[in-house]
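A.B. asks: Kindly generate the corresponding structure for this input.
(chains A, B, C and D)
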Number of protein chains: 2
Amino acid sequence: MAIKKTSLVEIAAERMKQNIIENNLRPGDKFLSEKELIQQLEVSRTVVREALRSLSSIGIVEVRKGGGVYVGHSSFDSIRNILEHHHAVHGVKLRELADIRKVIELGAVRLIIENDLQIDRSCFEEINRSYHEAILAGKDTKKYDQQFHQQLMKETGNDTFYKFAEVIQEYFSLVKIDLVQSRDSLIKSYEEHEDIIAALVQKDLVRGHRLIAEHLEPVFTFIRQVEEARGDGTDQ
Amino acid sequence: MAIKKTSLVEIAAERMKQNIIENNLRPGDKFLSEKELIQQLEVSRTVVREALRSLSSIGIVEVRKGGGVYVGHSSFDSIRNILEHHHAVHGVKLRELADIRKVIELGAVRLIIENDLQIDRSCFEEINRSYHEAILAGKDTKKYDQQFHQQLMKETGNDTFYKFAEVIQEYFSLVKIDLVQSRDSLIKSYEEHEDIIAALVQKDLVRGHRLIAEHLEPVFTFIRQVEEARGDGTDQ
DNA sequence: ATTATAAATTGGTCTGACAATATTATATCT
DNA sequence: AGATATAATATTGTCAGACCAATTTATAAT
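C.D. replies: Numbers count the residues shown, from 1 in each chain, chains lettered A, B, ... in the order given. Here you go, the predicted model:
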C-alpha cells in the first residue's frame, strides 16, 4: 500500500475530475460553482479555489470571474504553455527539432498513402497559390508555408496525430530558424510543394518520401552550418 | 494594445516563471518561500498560494509542506496527467493510436540508421533475453516488450524525440489493447525483435522498416477485427 | 562529535469580510 | 406585449488573521 499523504486540495481536484467524467460533461458545459463545490466536497473555500486553480491551469476547467466555472475546451493549449516554459528554461537542440519534424512529415505522407486517403487537392493548391503570390509580392511567406505543412498533417484524417503535430509544430516555432531564403529558393520551395501534392495524388510513397526529404534539406544544411560555427547547436 | 484584464494570480505566476528563467534556476533548486514571494510581489498570501498551485500543477515548481518551494523537475509528467484526463473524457480511436505508434517507430529506425548511430546492441539483447525468459516462464511479458520499444526511441540519441515518444507511449497504454497472444506469437514477436536489432546493426533501413511494419501488424489486425465488430473503433 | 530536544520556519486549511464582475429579476417606457 | 434600462442577486477575486502540521534549524544534553 502506498502511504500517500494527499492534501485536501489534491483530493478535491481529483473528485472534480471524476465528476466531469462521470457526468459526461462536455467542454463549455457549466460546472458547479464554488459554493456548490464547498457543500458537495465539505471543504473550505480555500481548498476549493486552489483545486479549481490547479485544474484551470491544465485546461480542465475554465473559471470566469462573476460567471461561474465551466468545463475547459482544450487541454492541448496547456501543453503548449508547458512546452513554452520548458523551452525557455532548457532550450532545445535545433537538430533534434528538425529530425522530429522530418519524422512527422514523412509519417504523414505514409499515413495518407498507405491508408489510401483521397486528399483535398484544391485546398492544397489554394494554399500553395497564396504562397506563390506572397513570394512574388515579396510579402511574408512563412505563414503559407506553415499552412501547407499543417494541411499535410490534417489530411492524415488522424485527429490525434494532427493535434500532437500541431503542438510539436508550435514548439518548433519557438525556435527562430531564420533561413534567409532568396527569392529563387522560395520559388523552388513552392515548386516542391506542387510536386508533393502530385505525389500524394498519385499515391507514390517512395517519391513522396524523397520529395519531403529534399524539401526539408535546406533546414539541415542550415543547422550543419550553425553547428560548425558554434559547436553545440542549441538555440539561444 | 490588448485590453487584457489579467488577474493578480496570473501576473504573479508569470513573474515567478520569469524569475526562474532570469535567475537560470535548475530543477531541484530552492525557490522563494511564500513569505518571500508575498514581500517581493506585494500581494496577499492567497494570491501567492494560488499562483504557486497553478505552477505546481504544470510541474514548474514543487511545493513541499514545511520544506519550501523548489523548481520542478519534469514538465512532461504534467503532460501525462493532462492527456490522461483528456483520454478519460474524449476517448480515442484505436487506429489513430496505432498509426501514430507506427510513425514514431519507423521514424526512430530511420533516425538511427540515417544519422549513422551505433546502437547499444548488448542493451537491446539483454532486454530481449528477459523478454524471452518471461515468455518461457509464462510470466508477464508486456513490460519487456515495452522496454524494447522504449530503448528503440532512446537509441535515436534525440532526447526531445524520446520524451515525446514516451508521453505518447503512455497515452497508448491508457488504452487496453488486449492482444491475447499465444505462446507461439510471443516467440515470433521475440524473434522479430532479434531481426530488428540485426537490421539496426547492419544499418539496413529498408529491412528495418519492413520488420517494424510486420512486427506491428498484429495490432492492426486486432483493430480491424474490433472495428468490424462494433463499427466505430473507439476504445471504452 | 553525536544525539535528543526545543524553537523557528514553512506550507495546509479554515473563517470572515469586502470588491469586482456577470447574471438575473424588476420596473419602465413605447 | 416587447424592448430597454435599472436594481438585486449570484459568483469569482483579493485580503487579513488565525491555527494546525510538517520540516528545518538551533540548542542542549550526552
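
A.B. asks: For stretch A:44-59, give me every contacting residue.
C.D. replies: A:8-10, A:12-13, A:16-17, A:34, A:37-38, A:41, A:61-63, A:69, A:72-78, B:9, B:46, B:49-50, B:53-58, B:78, B:81-82, B:85 (C-beta atoms under 8 Å, 6 or more residues apart in numbering or on different chains). (Glycine included, C-beta is placed from N, CA and C.)

A.B. asks: Convert the C-alpha atoms of that stretch to CSV, please.
C.D. replies: Output in CSV follows, covering the C-alpha atoms of stretch A:44-59 (Å, rounded to 0.1, in the frame of the first residue of the first chain):
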residue,chain,number,x,y,z
SER,A,44,-13.3,25.2,2.9
ARG,A,45,-13.5,27.7,0.1
THR,A,46,-9.7,28.0,0.1
VAL,A,47,-9.3,24.3,-0.8
VAL,A,48,-12.0,24.5,-3.5
ARG,A,49,-10.4,27.6,-5.0
GLU,A,50,-6.9,26.1,-5.0
ALA,A,51,-8.2,22.9,-6.6
LEU,A,52,-10.0,24.9,-9.2
ARG,A,53,-6.9,26.9,-9.9
SER,A,54,-5.0,23.7,-10.3
LEU,A,55,-7.5,22.3,-12.8
SER,A,56,-7.8,25.5,-14.7
SER,A,57,-4.1,25.8,-15.2
ILE,A,58,-4.2,22.5,-17.1
GLY,A,59,-7.3,23.4,-19.1
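
A.B. asks: circling back to that earlier point, give me the subset of the contacts of stretch A:44-59 that also touch DNA strand D.
C.D. replies: A:34, A:63, A:69, B:9, B:46, B:50 (C-beta under 7 Å from any atom of the strand).

A.B. asks: Quick check: which element contains the fourth one?
C.D. replies: The one in question is residue B:9. helix B:8-22 (DSSP states H and E).

A.B. asks: That helix and chain A in contact?
C.D. replies: Yes: Helix B:8-22 lies within reach of chain A by C-beta under 8 Å from any C-beta of the partner chain, at B:9, B:17, B:20, B:21.

A.B. asks: elements contacting that helix?
C.D. replies: helix A:75-90, helix B:34-41, helix B:45-56 (3 or more C-beta pairs under 8 Å, 6 or more residues apart in numbering or on different chains; DSSP states H and E).

A.B. asks: Now render the residues of helix B:8-22 next to chain A as JSON lines, adding neighbour count.
C.D. replies: JSON lines is the format used below for those (neighbours: other C-beta atoms under 10 Å in any protein chain shown):
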{"residue": "B:9", "neighbour count": "22"}
{"residue": "B:17", "neighbour count": "20"}
{"residue": "B:20", "neighbour count": "22"}
{"residue": "B:21", "neighbour count": "12"}
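
A.B. asks: between the residues you listed, which is nearest DNA strand C?
C.D. replies: residue B:9 (13.5 Å; C-beta to the nearest atom of the strand).

A.B. asks: residues touching that closest one, list them.
C.D. replies: By C-beta under 8 Å, 6+ apart, the contact list for residue B:9 reads A:53, B:47, B:50, B:51, B:54.

A.B. asks: The first one and residue A:81, how far apart?
C.D. replies: The reference is to residue A:53. Between residue A:53 and residue A:81 the distance is 14 Å, computed by C-beta to C-beta, to the nearest Å.

A.B. asks: mind listing what's buried in the helix or strand that residue A:190 is a member of?
C.D. replies: Take DSSP H and E as the rule and residue A:190 turns out to sit in helix A:183-202. For helix A:183-202, the neighbour count (16 or more other C-beta atoms under 10 Å in any protein chain shown) marks A:186, A:189, A:190, A:192, A:193, A:195, A:196, A:197, A:199, A:200 as buried.

A.B. asks: could you dump it to CSV, C-alpha only?
C.D. replies: Listed next in CSV are the C-alpha coordinates belonging to helix A:183-202 (Å, rounded to 0.1, in the frame of the first residue of the first chain):
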residue,chain,number,x,y,z
ARG,A,183,13.5,34.5,-54.0
ASP,A,184,14.8,31.6,-56.0
SER,A,185,14.9,29.2,-53.2
LEU,A,186,11.4,30.3,-52.2
ILE,A,187,10.2,29.5,-55.8
LYS,A,188,11.9,26.2,-55.6
SER,A,189,10.1,25.5,-52.3
TYR,A,190,6.8,26.4,-54.0
GLU,A,191,7.5,24.0,-56.8
GLU,A,192,8.4,21.3,-54.3
HIS,A,193,5.0,21.8,-52.7
GLU,A,194,3.4,21.2,-56.1
ASP,A,195,5.4,18.0,-56.6
ILE,A,196,4.5,16.8,-53.1
ILE,A,197,0.8,17.3,-53.9
ALA,A,198,1.2,15.4,-57.1
ALA,A,199,2.9,12.5,-55.4
LEU,A,200,0.1,12.4,-52.8
VAL,A,201,-2.5,12.3,-55.6
GLN,A,202,-0.6,9.6,-57.5
